[in-house]
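Undergrad: pasting the structure only:
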């Protein structure tokens with residue numbers, strides 16, 4: 001039995017959270033193609049190039065099915081959970097720590113500058129939240145639904161509402 005979500009580590013990824021549980025599991029299949037692409041992209045050779053091209057097609061398929069924009073090159077550590085991936089947008093340079101939970105319609109991106117958010121381990125991000133600009137979210141923080149985050153959130157902090 002997996003540990004309760006409140007006891008997840010902010011440092012050690014729980015890879016079982018990303019494992020597809022059934023044939024039709026779009027959020028986890030999207031993450032699986034992302035992980036496999038990154039694995040093959042780190043290798044060289046003709047086989048690696050072939051698999052990368054194949055995985056780009058699979059990634060596009062799952063991106064259309066889920067309605068999510070999670071780039072193949074993003075820096076997401078293990079254990080990400082996206083139960084409802086619809087409308088999730090993540091900037092390619094954003095950093096997301098281990099064992100995070102991201103609900104639908106979340107945007108993690110810029111705010112008029114090239115700096116992007118950095119999210120610590122085991123952060124829960126509620127539906128519709130926007131994390132914008134050079135923001136640092138500490139480990140074990142909780143971001144409320146529809147919150148607009150433009151300032152740092154300390155570790156273990158709770159941010160809700162507009163322009164926290």
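TA: That came through, no problem. Since the structure is predicted, the reported quantities are computational estimates derived from the model, not experimental observations. Numbers count the residues shown, from 1 in each chain.
Undergrad: sec struct for residue 10, please.
TA: When classified by DSSP: H, G, I helix; E, B strand; the rest coil, residue 10 comes out as coil.
Undergrad: surely it touches residue 119?
TA: No - assessed by Cβ atoms under 8 Å, residue 10 is found out of contact with residue 119, at 10.7 Å. No exception for glycine: its C-beta is placed from N, CA and C like everyone else's.
Undergrad: which neighbours do these two have in common?
TA: Here residue 10 and residue 119 have residue 97 as joint contacts, going by Cβ atoms under 8 Å, 6 or more residues apart in numbering.
Undergrad: of these two, give the one with the bigger neighbour count.
TA: Legend: neighbour count by other Cβ atoms under 10 Å for residue 10 and residue 119, higher for residue 119 (28 against 18).
Undergrad: which ones are touching the more buried one?
TA: Residue 119 neighbours (Cβ under 8 Å, 6+ apart): 94-97, 100, 108, 125, 131, 137.
Undergrad: give the bridge partners for it, please.
TA: The partner list for residue 119 in beta bridges (DSSP bridges) reads residue 96, residue 137.
Undergrad: need the pLDDT of it.
TA: Residue 119 carries a pLDDT score of 98 in this model.
Undergrad: any idea how far it is from residue 110?
TA: In this structure, residue 119 and residue 110 are 14 Å apart, going by Cβ to Cβ, to the nearest Å.
Undergrad: ok, residue 28 next?
TA: For residue 28, the distance to residue 110 equals 27 Å [Cβ to Cβ].
Undergrad: which of those two has more residues huddled nearby?
TA: Between residue 28 and residue 110, counted using other Cβ under 10 Å, the more crowded position is residue 28 (19 against 15).
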